[in-house]
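>>> Need the 3D shape of this:
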Amino acid sequence: GVATDSSQMSSLMWQPLSPDKPVMENIFVETKAEEEVEAAPFFSSETGIVVIKGGQVVNCDAMTVADVLVEDGKITAVGEDLDIPEGATVIDAQDKFVFPGGIDTNTHLYQAVDKTVQVKDDFESGTRAALAGGTTMVVDLVIPERGGSLVDAFTAWKEAGEEKSCCDFALTVAIPHVTDGSKAEMEQLAKEHGVNSFKMFMAYKDTMMLNNSDLMEAFKHVKDLGCIAKVHAENGDIIAENRKRLLAYGVTGPEGHPLAQPEEVEEEAVRRACSLAKQANVPLYICSPSSLDAAEVIKQFKENGLTVIGEPSTASLAVDGSHYSNKCWSHAASFITSPPLRDDPQTKDKLVEALIDGTLDIVGSDHCTYDSNMRAQGQGNFTKIPQGVNGIEERMAIVYERGVVAGKMEMTRFVEVTSSAAAKLLNLYPRKGCIAEGSDADIVIWNTNNLRTISQQTQQQQAADFNIFEGLKVTGAAEFVLCGGKIVVAEYQLNTLPGTGQFIEAPAFPPVCYDKIQDIDNQDTPEHVERTDVPADDVDGPVDNKDTFGLTTPRGYCQQEVFNKQLGIYQRPLSAHGVRNQQDSTFSLTGPQGVRKSGIMEETDREKEATPRRATVKVNAPPGGQAGAFW
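Numbering: from 1, shown residues only. Below is the predicted model of the structure:
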């Protein structure tokens, strides 16, 4: 009575009866609840008191094992074995890094330069992605219309951020035109609205590009306001000509993008921007340099005293320009960004080295995403492909992987380039970018044992349908994130709401830049050389005609000769070069000189002395050759 195989077992299972006629099922209709409720993690984002226990606390200048106490959005204590207040949420950070929340200095979450198509990631999806990656503050770029109001554009950006942003944000304002009106609005933004950086474009001809005269005028005004001059450094005139030429040759695909914007186009613009900034003595910020030549120019000008900051993008540190030649048009188009990624696979490694040695200073994501349908508008013309790539969520992990995990970068430097340096430029340090008593509680607990592969399917926070870092393996992730004292990520799960981020004003005159700028301004200024009306060759001043012997005399001097009492002859004064006139000698054309005896001249000598001196004499064979002229 025991079944010995599956065939025998099947006879014991119930078999449903076959219907006598076809069964009609109800049509499936998807219904959606009026108010969707997300599953909340075990924690509450409204927790007022948090204690982070036993983590390796990392700042830009030091590391130490310590506890961190957070109360009412601020760090109130950092130290060993802190008491745990009643009701506090405790996070065990043993064997994990605890460092300041990242600050992404280059995002586009409202509009990009190309306003014909809307960016895919807005302030909500973009900042959710930022928090998931360990970034707790972003700096978005305001792009006014040429001829439009800078303040109106700023207001629109700020309102969009306040409505949707899940983390804190600040704003940089682009300058598409330089007029008295725009300069007045720049002053208003700096003094009344908390903007301490303005961005000028040397590319995007006919829309955003400024010429040298306008650049210089903008730089000087930015310096007067105590702000930072950011630039997109590529030669827009050359790019426009290259694009025309390539399209004429029939190059219409994404491969035309790097051909139109080669490295020398970037290098020339970076050098020109640095030269202008040095004359204006304004702090200069180069956005997204992607070539080694550009990095080398930045290094040269730093060594020559210019305050210049280099900000490579996340993409330039991890991928290269070989993707522009991919056979799949959509794949190749997804990597379009400016300046372009470079073909040489060694470039990204050398840019990481430049970041480590201080040639480059800060990593920004330059996050600006589109989907494949948006990019398809450039199918027959690469110049129409919307430019932008992702990176806001991956930024911290890629810098950690490429620098720290590779054994090249110290953790203190990691914190500097992902958070602290940005906070200092925003004049918010140590409020931001620092784990210290009194600092904002923007904190990341980083698990170094999280090995994962980046994929578009796993990066759920971003709205775009393509990830340029697809397949890249990284070690380390933000296991917990606090933003303003609230736990917004716990065990890698995000729990936040749009509109919870705050606009943060950035005060002018950040000391990290302007202490050095002030030192240069206080150096000795050039002195004016006082001059009098004198003959052209009189280098030692006017000649005293009363006693001219022994003084210098200019060329062409033809006044009375002077008597040399030591030699007993008449001579011209010393020449203009301080030597005796070579035409003078002890030989006298007036005949032999008297001989003094006991201090008394003989009579014949007195007679000869009384004889008028001849002004000229005919010499048949003067020294140096024959001549018939009078001397």
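
>>> Arg413 is in what secondary structure piece?
Mapping Arg413 onto the secondary structure by DSSP states H and E places it in helix 411-415.

>>> Which positions within that helix qualify as buried?
Taking 16 or more other Cβ atoms under 10 Å as the neighbour-count basis, helix 411-415 is seen to contain the buried residues Met411, Arg413, Phe414, Val415. The way it works is simple: take the backbone N, C-alpha and C, and place the C-beta from them, glycine included.

>>> any idea how far the second one lies from Glu303?
Translated: Arg413. Plainly put, Arg413 is 20 Å away from Glu303 if you go by Cβ to Cβ, to the nearest Å.

>>> Switch the buried residues of helix 411-415 over to CSV; also include pLDDT and distance to Val270.
What follows is the buried residues of helix 411-415, written out as CSV (pLDDT from 0 to 100; distance: Cβ to Cβ, whole Å):
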residue, pLDDT, distance to Val270
Met411, 98, 30
Arg413, 98, 23
Phe414, 98, 25
Val415, 98, 27
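
>>> Could you point out which of these is nearest to Tyr370?
In terms of Cβ to Cβ, no member of the buried residues of helix 411-415 lies closer to Tyr370 than Phe414, at 30.0 Å.

>>> looking at it, the closest one is touching Arg402, isn't it?
No. No contact is recorded between Phe414 and Arg402 when judged using Cβ atoms under 8 Å, the distance being 10.2 Å.

>>> For the stretch 401-550 of the chain, just list every one of the strands.
Counting by DSSP state E, counting those that start in this stretch, the stretch 401-550 of the chain has these strands, from start to end: 443-453, 473-483, 486-490, 493-494.

>>> For the protein, give me the ranges with low pLDDT.
Regions of the chain meeting the criterion pLDDT under 70 cover residues 1-47, 460-461, 524, 533-560, 562, 571-631.

>>> what do you get if the cut-off is 90, keeping everything else the same?
With pLDDT under 90 as the threshold, the chain has low-confidence stretches at 1-48, 113-117, 456-464, 523-528, 530-631.

>>> residues making contact with the lengthiest helix in it?
Residue-count comparison of every helix in the chain, with assignments taken from DSSP state H, identifies helix 263-280 as the longest. Surrounding helix 263-280, the residues in contact under the criterion Cβ atoms under 8 Å, 6 or more residues apart in numbering are 202-203, 212, 215-216, 219-220, 223, 229, 231, 233-235, 238-239, 242, 283-284, 286, 289-294, 297-298, 301, 304-306, 308, 339, 342.

>>> looking just at contacts, which helices and strands does the helix or strand that that helix is followed by meet?
For helix 263-280, the succeeding helix or strand toward the C-terminus, using DSSP H and E, is strand 284-287. Under the contact definition 3 or more Cβ pairs under 8 Å, 6 or more residues apart in numbering; DSSP states H and E, strand 284-287 sits against strand 228-232, helix 263-280, strand 308-311.

>>> Let's see that with 6 Å instead.
Judged by 3 or more Cβ pairs under 6 Å, 6 or more residues apart in numbering; DSSP states H and E, the packing partners of strand 284-287 are strand 228-232, strand 308-311.

>>> now the first one: how far from the chain's centre is it?
I take that to be strand 228-232. Relative to its parent chain, strand 228-232 has a centroid offset of 7 Å by Cα atoms, centre = their mean, to the nearest Å.

>>> got the buried residues for the helix or strand just after that strand?
Next in sequence after strand 228-232, counting helices and strands by DSSP H and E, comes helix 236-248. With burial defined by 16+ other Cβ under 10 Å, the residues of helix 236-248 counted as buried are Gly236, Ile238, Ile239, Ala240, Asn242, Arg243, Leu246, Leu247.

>>> ok, for the last one, nearest residue in space, not its chain neighbours?
For Leu247, ignoring the flanking residues on the chain, the nearest one in space by Cβ to Cβ, 6 or more residues apart in numbering is Asn381 at 6.9 Å.

>>> go on, Val405?
Setting aside the residues directly before and after it, Val405 is nearest to Thr475 in space (Cβ to Cβ, 6+ apart), at 5.1 Å.

>>> and that neighbour, how far is that from Thr359?
When Thr475 is compared with Thr359 (using Cβ to Cβ), they lie 25 Å apart.

>>> Who has more neighbours out of those two?
It is Thr359, of Thr475 and Thr359, that has more neighbours when counted by other Cβ atoms under 10 Å, with 20 against 15.

>>> where does the more buried one land in three-state SS?
Reducing the assignment to helix, strand or coil with DSSP: H, G, I helix; E, B strand; the rest coil, the entry for Thr359 is coil.
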